[in-house]
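In: okay, structure incoming, though there's no sequence with it:
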């Protein structure tokens, strides 16, 4: 999500993806966008409660302390917007069978059914993984493809479900993320 909405032109009219509008509304935030280093540090904190050696070297102890406080007090939408900025795209599976391979690993923990809703694919090279899985680029798609590491998978899935999911998925993800924020 880049903060822009893609429109499809039909004759002299434009059509907007409802999922993109919803995601933009849910993740609006004020202030500067986080750098890649701060995004990674925030993911580390949410996933493991500590920062990795790589982010430790890039951030001072004061910056890490401020980031922890900011994450604890931040609105879930703003957090999702900061972390997922530039990391996520929507895709569409060719069939329900193909879609079933992308049920979020976090779904059962959130009390969500495995059959419907938003699918999530988290991979280091997300676009390549999506091509291999034959997922078509679709701005109103049913699978969120997120660029990220396996250690951050659960956090990235929750953020994607919050951002693009239906009301139930968004609510469940909100509670999960809020709990992760408290325990930093």
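Out: Great, that's in hand. The structure presented is a predicted model; accordingly, all values stated were derived computationally and were not measured. Numbers count the residues shown, from 1 in each chain.
In: middle-most residue in this structure, spatially?
Out: residue 160 (3.2 Å; CA atoms, centre = their mean).
In: OK, contacts around it?
Out: Residue 160 sits next to 84, 88, 104, 118, 120, 144, 146 when contact means CB atoms under 8 Å, 6 or more residues apart in numbering. To be clear about C-beta, it is placed using only N, CA and C from the backbone, and glycine gets the same treatment.
In: try 6 Å
Out: 120, 144, 146 (CB atoms under 6 Å, 6 or more residues apart in numbering).
In: make a markdown table from these and add distance to residue 128 and pLDDT to it.
Out: Listed next are the contacts of residue 160 as a markdown table, based on distance: CB to CB, whole Å; pLDDT from 0 to 100:
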| residue | distance to residue 128 | pLDDT |
| --- | --- | --- |
| 120 | 16 | 95 |
| 144 | 16 | 95 |
| 146 | 13 | 97 |
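In: pick the one among those closest to residue 51.
Out: Distance to residue 51 across these (CB to CB) is lowest for residue 146, with 20.2 Å.
In: hang on, the closest one in a strand?
Out: Yes - according to DSSP: H, G, I helix; E, B strand; the rest coil, residue 146 belongs to a strand.
In: tell me, how many residues neighbour it?
Out: Neighbour count of residue 146, defined by other CB atoms under 10 Å: 23.
In: so it sits right up against residue 156, yeah?
Out: Yes - if you go by CB atoms under 6 Å, residue 146 and residue 156 touch, sitting 4.8 Å apart.
In: hey, what's in contact with both of those two?
Out: residue 122.
In: list the buried ones in the biggest helix by length in the chain?
Out: In the chain, with assignment by DSSP state H, the single longest helix is helix 167-182. For helix 167-182, burial by neighbour count (16 or more other CB atoms under 10 Å) applies to 169-170, 172-174, 176-177, 180-181.
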